[in-house]
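>>> I'll drop the sequence and a predicted model, then ask my questions.
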Amino acid sequence: MPGGTVADTLDDQSTIFSLPKEGLGGVGSAFGRLRVRTFVATRWLAILGQAIAVLFVYFGLGFSLSLGLCLAAIAVSAWLNVFVMIAFPSQRLATTPEAVAQFAFDILQVAFLIAITGGLENPFVLMIMAPVTIASVSLETRYSMGLALLALACTAAMAFFHLPLPSPPGEDLQVPILLQIGQFCAVTIGLAFFALSSIRVSRDEERLVRALDAAQVVMAREQKLSALGALAAATAHELGTPLATIHLVAKEMAADLEDDDPHKEDARLLSEQADRCRSILRRLAQERETGDIVHARIQLSTLVEEAARPHKGRDKLVEVRTFAHSTATDLTEPKLDRSPEILHALGAFVENAVSFADSYVSLDAVWSDRIITISVTDDGPGFSPTVLPKLGEPYISERSQKHAGGGDMGLGFFIAKTLIEQSGGEVATFNRPEPEKGAVVRLRWERAALEAETTWSAHETGLDDLSPSSE
């Protein structure tokens, strides 16, 4: 990228945090939000289960219970579902207030149904955790915790306000108070465990999705910059003919005018400037053609040198070495597409290595008959044992740990690793064996896959007729 390296963009946390939570334009923009049909389908399932349980206990087992109240509670839930189905399109994403309201209703409805069938004496009291668990996956933490507290408050209220537990005719089932306390403790622990676990899983997934969105933003910027070359080539092609005409007319005007005519010098100047414009546009077209066709296929050493070039000439030595593996029978250096993804990712790894290194960074590109590897090695403190297992996860910052941490190996490393994997490669990270010190990031590809050529043609790119018209 002009004016900086990709690592500057990838490791800048504002790249991701400046993206709105609802409106990234990618998958992250709708992450965690449930569709209306999901609420409806889940509630119909709950209604069916509640109805079967109540009817089986009353008619099948012959237990005494407040059938009217139970059916009324179930009917209210069913009527809410009917209203939601009529009022909102099924594919519509529910807003946060709508989702909170529906989850709160589900908690209150389940709590009421359990309260009129025994309260804490009812073994189905654990069902109050279901809405909280789903909410924890789909809502922000503050809303999830609020709903968990609501469920806990309802559970506590059941200890004081509830109807008797349904019993067989002529019997009065009594659940020991100690067991009821155990039920309450089980619900409390269950709410805390499921809520916190779901929140953690949900947030990790959200970070992953949003980081992928950030990677897409970075690549979109690069694609826009690349498109400027095509625009310049098209401009050169479109302006070539009129400039040639201007040059020709001005030249003829200068030839027809007398030497002492004051307009002769103006005509000559116009001709020279038109010719200069043609030369500039011709050079733009040639650079576009050279850059995108001839240089679309480059040698492995050229790719590595290009990634390392922005980091040379600083206070750290950056050394590039390219060679064939001892087992290679084909000593021809691989040629591959000039991939922006690989260049960006490799540049990010080199950037981090330079920031970590004490004095030098080495890039070793090695090929065999089947494999191509690029190793980025520094002589710094190396990866800290606590961070090394987490590398590749977004938002694991090593700067806060002074490189055993120093340098942001969180979002930047994650995006660079993702770009390499999308190109068909693998990323391995480890520390150099003692007594040496430093970290190693090793990239590995199948040679055949990396050397697979992308087909280009001058006709397809519109560059076969970009030369300006002749005089």
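Happy to help now that I have it.

>>> which segments of the chain make up each domain?
The chain breaks down by automatic domain parsing into domains covering 31-175, 222-294, 299-451.

>>> out of those domains, which one sits most buried?
Mean neighbour count (mean count of other Cβ atoms under 10 Å) peaks for domain 299-451 among the domains of the chain, with a mean of 19. No exception for glycine: its C-beta is placed from N, CA and C like everyone else's.

>>> thinking again about what came up before, among the domains of the chain, which is nearest residue 182?
Closest of those to residue 182 is domain 31-175, at 9.1 Å (criterion: Cβ to Cβ).

>>> how about the domains of the chain in a markdown table, adding mean pLDDT and distance to residue 205?
Below are the domains of the chain laid out as a markdown table (pLDDT from 0 to 100; distance: least, Cβ to Cβ, whole Å):
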| stretch | mean pLDDT | distance to residue 205 |
| --- | --- | --- |
| domain 31-175 | 86 | 7 |
| domain 222-294 | 71 | 26 |
| domain 299-451 | 82 | 11 |
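
>>> please produce CSV containing these, extended by distance to residue 194.
Shown next, in CSV, are these (distance: least, Cβ to Cβ, whole Å):
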stretch, distance to residue 194
domain 31-175, 4
domain 222-294, 42
domain 299-451, 23
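
>>> out of these, which is closest to residue 196?
Distance to residue 196, taken as Cβ to Cβ, is lowest for domain 31-175 among the domains of the chain, at 7.8 Å.

>>> helices of the chain, start to end?
For the chain, the helices defined by DSSP state H occupy 6-10, 14-17, 36-55, 67-87, 96-115, 129-138, 141-158, 177-256, 262-289, 300-308, 340-356, 411-422, 447-451, 458-461.

>>> make CSV from those helices and add distance to residue 441 to it.
Output for the helices of the chain, formatted as CSV (distance: least, Cβ to Cβ, whole Å):
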stretch, distance to residue 441
helix 6-10, 12
helix 14-17, 21
helix 36-55, 41
helix 67-87, 51
helix 96-115, 40
helix 129-138, 34
helix 141-158, 34
helix 177-256, 18
helix 262-289, 33
helix 300-308, 12
helix 340-356, 5
helix 411-422, 9
helix 447-451, 17
helix 458-461, 35
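
>>> between those, which one is nearest to residue 386?
Once the helices of the chain are compared by Cβ to Cβ, helix 411-422 is nearest, at 15.0 Å.

>>> now do the closest one: distance to the chain's middle.
Taking Cα atoms, centre = their mean, to the nearest Å, the mean C-alpha location of helix 411-422 is offset from the chain mean by 10 Å.

>>> and that helix, what other elements does it pack with?
helix 6-10, helix 177-256, helix 340-356, strand 426-431 (3 or more Cβ pairs under 8 Å, 6 or more residues apart in numbering; DSSP states H and E).

>>> how many residues are close by the residue nearest to residue 133 when sequence neighbours are not counted?
Using Cβ to Cβ, 6 or more residues apart in numbering and skipping residues adjacent in sequence, the residue nearest residue 133 is residue 194, 4.5 Å away. For residue 194, the tally of surrounding residues (other Cβ atoms under 10 Å) stands at 18.

>>> likewise for residue 189?
By the criterion of other Cβ under 10 Å, residue 189 has 10 neighbours.

>>> swap in the one 10 residues further on?
Using other Cβ under 10 Å, the number of residues around residue 199 comes to 19.

>>> close enough to count as contact, it and residue 135?
No. Using Cβ atoms under 8 Å as the test, residue 199 is too far from residue 135 to be in contact (9.6 Å).

>>> re earlier: looking at the helices of the chain, which is closest to residue 328?
With Cβ to Cβ as the criterion, residue 328 lies closest to helix 447-451 of the helices of the chain, at 9.6 Å.

>>> distance of residue 351 relative to residue 161?
Shown here: residue 351 relative to residue 161, a distance of 63 Å by Cβ to Cβ, to the nearest Å.

>>> ugh, typo on my part, it should be residue 371
Separation of residue 371 from residue 161 (Cβ to Cβ): 70 Å.

>>> not counting sequence-adjacent ones, nearest residue to residue 379?
In this structure, residue 379 finds its nearest non-sequential neighbour in residue 438, 4.5 Å apart by Cβ to Cβ, 6+ apart.

>>> what's near enough to touch that neighbour?
Listed by Cβ atoms under 8 Å, 6 or more residues apart in numbering, the contact set of residue 438 reads 357, 377-382, 431-432.
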